[in-house]
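Visitor: How does the following fold in three dimensions:
(chains A and B)
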Amino acid sequence: MTDSRPIHSVVLVKQVPDTHNVTGDVMTKDGTMNRNALPAIFNPEDLNALEMALEIKDRFGGTVTVITMGPPKAANILRESLFRGADKVILLTDRKFAGADTLATSVVLQKAVQKLGQFDLVLCGRQAIDGDTAQVGPQTAEKLGIPQITYAESIIDIADGKITAQRALDSGSEIVRCTLPCLLTVVGSANTPRPASVRRQMARKLSATPNEYAALRTQWPEFETDEQLEAYLVANDLKIAVWTADDIGATEGSIGLAGSPTQVHKINFVVLESTESKTISPTPEAIAAMVAELVHEYIVG
Amino acid sequence: MSENFFLDNPDLQFRLEQLDLREVLEFKEKGYSEAAVYPGAPRNYPDAKDNYRIVLGVMGEICGEIVAPRAAEADDEGAHFSDGVVTYAAATQDAIDAFRQAELFGAMLPREFGGLNLPESVYSMLVEIVSRAESGLMTIYGLQEIADMIEEYASDEDKARVLPRMARGEASGAMILTEADAGSDLGAVATRATLDEATGKWHLNGVKRFITNGLADVSVVLARSEEGSTDARGLSMFLVEKDETVKIRRIEHKMGIKSSPTCEIQYNNTPATLIGKRRFGLMRYAMNLMNGARLAVAAQALGIAEAAYREADDYSKERIQFGKPIRVLPAVGRLLLSMKVDLEATRALLSETSRWVDLWKVYEKALNRGDAPDESAARARLKQAQTLAETMTPMVKYCSTEMGNRVCYQSMQVHGGVGYMHEFNIERLFRDVRITNIYEGTSQLQVVAAIGKLLNHSLDPLLADWAAASYPADMTAERAILGELTGVFQAAAVALKAQPERDRVDYYACDLVDCAVWLVNSWLLLRDTNLLESKKSVARAYIASIAPRLRASAEVVVGANPVPLEAIPVLLG
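Guide: The predicted structure follows:
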């Protein structure tokens, strides 16, 4: 007899520049990224984490709450989470959060998760495609004082207050068990994220933070004042909660730039320019020579 | 960038934007009163349009990202049959699962059954998108008029039992009409339905053939309920939920749409419930299904044509011959232009036809339920919409499926030899499109369905409206040509109607339907030039191409030359 009580999950997500589609004008000459040149997307492995949480909900019941720390525009990925099945979303936004490294970020996330109250699982993507550190998940688990399962690929079972999960390793996989609550970082091979549901999207498309009311009223002039719009959103559970540093009780020295011990030592700006092209004749010899050259240059192999 | 088959198609987006559904939605959304009851029901007209963009955008993304990349795999693997059990190809099953997760089933069903309450016009666009991605899959997603027909005519108990499951995509549907000896001639259906007078229950016995998606959980089956009858008046429609008495005997090995299982089904004393009234099986319910299915097949052919055009367009940029991309050669440019213009003309016709079908449906429902505000005005509007829907549905089925075949042929020509090879998508599209002008009534039957209406001048009010409308000043020449061609068409219709010999009317009917299609498409494209500058080139190119052909075909109709008819018995025996 296993205990199959509902599981309450919190998913930590991040809006990132779409670094998979970097084009020429994205990098500035001083080696920083021109964020406006890239579309902002849902960090891919965070979508896998959300999917895992939704699958857990489908299997065991419970709720899925999604939290992101970011600028006001990050509300877009919260809406996307709602369209895919999240029950509740929270935007952590405050100028005081700006400039945070992974440590300061995990402080904010820890405080936010604690403010939520009771939870069984915290899930996040293994790493974000902008910083690629894979530190925020583990640091948040440490700050929360809960165990962590990194590189989670599948949930085998949740029963009797314990979770059994499979981790993806370089050389294979391993199955681990730990007590709840715990934190999982999820890898891209875990699942295929479900598409947004049209019914949920139609029902939740007006979900907004107060910051977005003006834009929303331009699109929907039927709402003549912010108050009128807000009354509608509140009545239909569409107002996206926004928490600031004060709301979560984060002290200024521990968050944002001030709370970030990381120092950038040096930035290497690598310019990849194709100055010349080679034409390979379609003969077995020429192709073999090309392959040999690619292997020699460590491009393949 | 992610692939999205709605967002990458400006013409489809234009069609949605220009589609005026105000009148349809006033009825269909019951004055937008459902917003208070169902989350996501629109609050007003712009909200409804926005919802349609959402639905099409999600479908476009799933089709671009998940379905299309595995279309060749679905074709290669095909549907499976073993030990009486049919299963879909893996790619097909995954696509169905994605549609289910995205909650795209139940497209046209009312919200009380869990449906999306979409109009036919928007559903046609969904079907086009699915078909562009994988045309075999369309025969599984694009059968939603079955649920619609059940909603319209089945008993409340049947509806409550099957419709919510269909809306969730848990139960798929099949329309089970044809038999080995009853294809185009459905009046010859022999499957027997017998009523047990003691229990009041019906049972079916017989064999059905060429049943698309015959493994479905919920079927509507045409069967002979009146013992001793031999024609359409002895047929009724039944609802069957699959159980062990339903045996699938085999699936067909087809030329195309291989992911779609085409089944032979045997009923062995299978329990069934009557849909609607006895004896109305073919005349009312099957015709209702066929009308919806014809529109869906028109959308299917359009989607395949869109895919074929894009294959040709891409290939003609990459393929270098004589030191340049082949698309700059006039002979290739001619093929590409013909494809593009034909596609946009057909999409305009499908959109216009779907809107009249929507109007027909909403007025019929409103009058049946007695909730039309002004009954006599509603009756007049219903009659107009029904006449136009019944004229234009076979026209667009004929136009789009013939166009689809032509575009796939032209696309393969652009590819040259490689297009004949299995590795190229056009080879699959060429096979897939071939069924579209055969099933749900061959092109020849569409001509039969349209000609009676055309001879009764059913298009005249529409043509008069279009002739009276205003158009951009720089389209004056085209407008004058269309004025002339309208007269030419109407004179041909009068001449054919006056023709006393029935055989000659039947022989030349297809030429008159061609004229009607060209004329209506031309007016629709001219109308589009009021809304979009780029449509001017489309309208000019289309009208330039069809005007001489329309005059020639009208001459053929007016002449109604008996010589070919007389040659048939002489030459063919």
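
Visitor: which residue ranges form the helices in the stretch 51-200 of chain A?
Guide: Per DSSP state H, counting those that start in this stretch, the stretch 51-200 of chain A carries helices over the ranges A:75-84, A:102-116, A:136-144, A:198-204.

Visitor: The second one - what's its average pLDDT?
Guide: To tie it back to what came earlier, the one meant is helix A:102-116. Per-residue pLDDT over helix A:102-116 has a mean of 91.

Visitor: Please list the residues outside it that contact it.
Guide: A:10, A:12, A:65, A:67, A:69, A:90, A:92, A:97, A:100, A:119, A:122, A:131, A:133, A:135-136, A:139-140, A:142-144, A:243, A:245, A:247-250, A:254-262 (Cβ atoms under 8 Å, 6 or more residues apart in numbering or on different chains). Heads up, the C-betas are built off the backbone N, CA and C, glycines and all.

Visitor: Those residues in strands, which ones?
Guide: Here DSSP state E is the test, and these give A:V10, A:L12, A:T65, A:I67, A:M69, A:I90, A:L92, A:V122, A:W243 as lying in strands.

Visitor: Of the residues you listed, which is the nearest to chain B?
Guide: Distance to chain B across the ones in strands among the contacts of helix A:102-116 (Cβ to the nearest Cβ) is lowest for A:T65, with 19.2 Å.

Visitor: Any idea how many residues pack against the closest residue to that closest one other than its chain neighbours?
Guide: Of all residues not flanking A:T65 in the chain, A:K88 sits nearest, at 4.6 Å (Cβ to Cβ, 6 or more residues apart in numbering or on different chains). By other Cβ atoms under 10 Å in any protein chain shown, the residues close to A:K88 number 17.

Visitor: From the contact counts, what lies against the longest helix along chain B?
Guide: Secondary structure assigned by DSSP state H gives helix B:375-415 as the longest helix of chain B. Counting contacts by 3 or more Cβ pairs under 8 Å, 6 or more residues apart in numbering or on different chains; DSSP states H and E, helix B:375-415 is packed against helix B:287-318, helix B:330-368, helix B:425-433, helix B:443-455, helix B:502-528.

Visitor: I'd like these written out as CSV, with mean neighbour count, mean pLDDT and distance to chain A added.
Guide: Shown next, in CSV, are the helices and strands packed on helix B:375-415 (neighbours: other Cβ atoms under 10 Å in any protein chain shown; pLDDT from 0 to 100; distance: least, Cβ to the nearest Cβ, whole Å):
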stretch, mean neighbour count, mean pLDDT, distance to chain A
helix B:287-318, 24, 96, 17
helix B:330-368, 21, 97, 19
helix B:425-433, 25, 98, 23
helix B:443-455, 20, 97, 32
helix B:502-528, 22, 97, 26
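
Visitor: coming back round to it: so who does the residue nearest to A:T65 touch?
Guide: Remark: with contacts taken as Cβ under 8 Å, 6+ apart, A:K88 is in contact with A:T63, A:V64, A:T65, A:V66, A:A241.

Visitor: ok, and the most crowded of these?
Guide: Highest neighbour count within the contacts of A:K88: A:V66, with 27 neighbours (other Cβ under 10 Å).

Visitor: thinking that one is in contact with A:V11, fair?
Guide: Yes: between A:V66 and A:V11 there is a contact at 4.8 Å, judged by Cβ atoms under 8 Å.

Visitor: can you list residues touching both of these two?
Guide: A:L50, A:S81, A:A86.

Visitor: From A:R200, how far off is the second one?
Guide: When distances are taken as Cβ to Cβ, to the nearest Å, A:S81 and A:R200 turn out to be 10 Å apart.

Visitor: Which one's more surrounded, these two?
Guide: When neighbours are counted by other Cβ under 10 Å, A:S81 comes out ahead of the other of A:S81 and A:R200, with 29 against 18.

Visitor: Output the ones in strands among the contacts of helix A:102-116 as CSV; include the columns distance to B:V24.
Guide: Listed next are these as CSV, based on distance: Cβ to Cβ, whole Å:
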residue, distance to B:V24
A:V10, 44
A:L12, 45
A:T65, 40
A:I67, 42
A:M69, 45
A:I90, 40
A:L92, 44
A:V122, 48
A:W243, 44
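
Visitor: B:I248: which of these is nearest?
Guide: A:T65 (46.4 Å; Cβ to Cβ).

Visitor: In contact with the closest one, which residues?
Guide: Applying Cβ under 8 Å, 6+ apart, the residues near A:T65 are A:H8, A:S9, A:V10, A:V11, A:A86, A:D87, A:K88, A:V89, A:I90, A:L116, A:F119.
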